[in-house]
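A.B. asks: pasting the sequence and the predicted model now:
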Amino acid sequence: MTKIAVVAFGGNALLRSNEVGTIEQQEKNTLETCEQLIPIIERGFELVITHGNGPQVGNILLRNEAGNKEYKIPKMPLDICVADSQGGIGYMIERQMRNALNNLHVEKNVVAVITEVLVDINDPAFQNPTKPIGPYYIKEEADLLSKANDWIFKEDARKRGWRRVVASPTPIKVMNNEVIRDLVDHGHIVIGAGGGGIPVYWHSDTGYLEAIEAVVDKDLASALLAKEIGAEKFYIITDVPKAFINYNKPNQQALDHLSVGDAKKLYEAGEFGSGSMGPKILAAIEFVENGGKEAIITSEEELQKENCGTRITL
């Protein structure tokens, strides 16, 4: 039986916080992260890699705006921008994963899959958009864009300007999950569900599949894909070696192992930030509760260790 590990790259895997994001920087970081995955393969696991796309799709949206303003190039909707980022990042990971394998004389095929994720058009998230995307605007610009495009804007908490916000619905199904599983069963490394996937929904009356302006949480989409393809392990790569309680306080404490029950209690007590560790803990809980053996939250540098990170099990 195929042993599968899903590895969800965090933003740090492609772009460090002190970098501007040149392709040279991103490729170097990606290669270093891919090299850290080799021990997982050596332990007998087939790999599926997922990834974030926040900075990259943000740049695509900026190019959208600049091209439209300067050259009257028609703007592309968010789903096309996410697909663009999946293609570009997927290609970058694919090539650097091949380099990492080649450096260690490991023979594997690597393929990136443009991935849609099914959502419910009646998801309550559509009534309360919270996910910021795109550039910052002054209030007057935001008001004009809101009227012209029926967009919703909210002021940034750090007073840097106004940004468009979209819904972040719960993923229901990762499209092409059977294709991904088939590729993995044949020994190929697959890159999919980039940026949480491209949100789509079925029209109940016509059966037409349509995209919708939204952003799915990448860790929740990754956990769903891991469940759907029968993964045994789910790694969530972030910029800290473990999850902590009392994080950044004098009494902070690293967590080596959590049961799902304990993880839920700490999550509900607000121990994990909603914009940082919270979604990762929630994704880990979702994976283990739905048949996964173990979810691991750690940094890429720790992947060399077999018992790295914060490990969540039943």
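C.D. replies: Structure's in. What do you need? Quick caveat: nothing in here was measured; it's all calculated off a predicted structure.
A.B. asks: so who does Ile281 touch?
C.D. replies: 243, 263, 266-267, 272, 297, 312 (C-beta atoms under 8 Å, 6 or more residues apart in numbering). Placement of C-beta: from N, CA and C, glycine included.
A.B. asks: just checking, Glu306 is part of a strand?
C.D. replies: No - secondary structure of Glu306, determined by DSSP: H, G, I helix; E, B strand; the rest coil: coil, with no strand assignment.
A.B. asks: quick check: pLDDT value at it.
C.D. replies: With respect to pLDDT, Glu306 scores 82.
A.B. asks: how near is the spatially closest residue to it that is not a sequence neighbour to Gly275?
C.D. replies: Leaving out its chain neighbours, the residue that sits closest to Glu306 by C-beta to C-beta, 6 or more residues apart in numbering is Arg43, at 7.2 Å. Distance, Arg43 to Gly275, by C-beta to C-beta, to the nearest Å: 32 Å.
A.B. asks: what about those two, which has more around it?
C.D. replies: Arg43 (11 against 7; other C-beta atoms under 10 Å).
A.B. asks: that one and Gln304 touch, don't they?
C.D. replies: No - Arg43 lies out of contact with Gln304 (C-beta atoms under 8 Å); the separation is 11.1 Å.
A.B. asks: returning to what we had before: tell me which of the contacts of Ile281 fall in helices.
C.D. replies: Under the assignment DSSP state H, the contacts of Ile281 contribute 263, 266-267 to helices.
A.B. asks: list just the nearest of the residues you listed to Gln56.
C.D. replies: Proximity of the ones in helices among the contacts of Ile281 to Gln56 (C-beta to C-beta) peaks at Tyr267, which lies at 28.6 Å.
A.B. asks: surely the closest one and Ala284 touch.
C.D. replies: No - the criterion here is C-beta under 8 Å, and Tyr267 misses it with Ala284 at 9.7 Å.
A.B. asks: who has more neighbours, these two?
C.D. replies: Ala284 (29 against 17).
A.B. asks: what about that one, distance to Gln36?
C.D. replies: Taking C-beta to C-beta, one finds Ala284 at 19 Å from Gln36.
A.B. asks: quick one, strands of the stretch 151-300 of the chain?
C.D. replies: In the stretch 151-300 of the chain, the strands defined using DSSP state E, counting those that start in this stretch lie at 152-155, 162-166, 173-174, 189-191, 198-202, 209-211, 233-238, 244-245, 253-254, 257-259, 294-299.
A.B. asks: any chance of CSV for these, columns mean pLDDT, distance to Ser222 and mean neighbour count?
C.D. replies: As requested, the strands of the stretch 151-300 of the chain are exported to CSV (pLDDT from 0 to 100; distance: least, C-beta to C-beta, whole Å; neighbours: other C-beta atoms under 10 Å):
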stretch, mean pLDDT, distance to Ser222, mean neighbour count
strand 152-155, 96, 26, 16
strand 162-166, 97, 20, 20
strand 173-174, 98, 9, 21
strand 189-191, 98, 12, 26
strand 198-202, 98, 14, 21
strand 209-211, 98, 20, 13
strand 233-238, 97, 7, 26
strand 244-245, 96, 21, 16
strand 253-254, 97, 23, 12
strand 257-259, 98, 19, 16
strand 294-299, 97, 10, 23
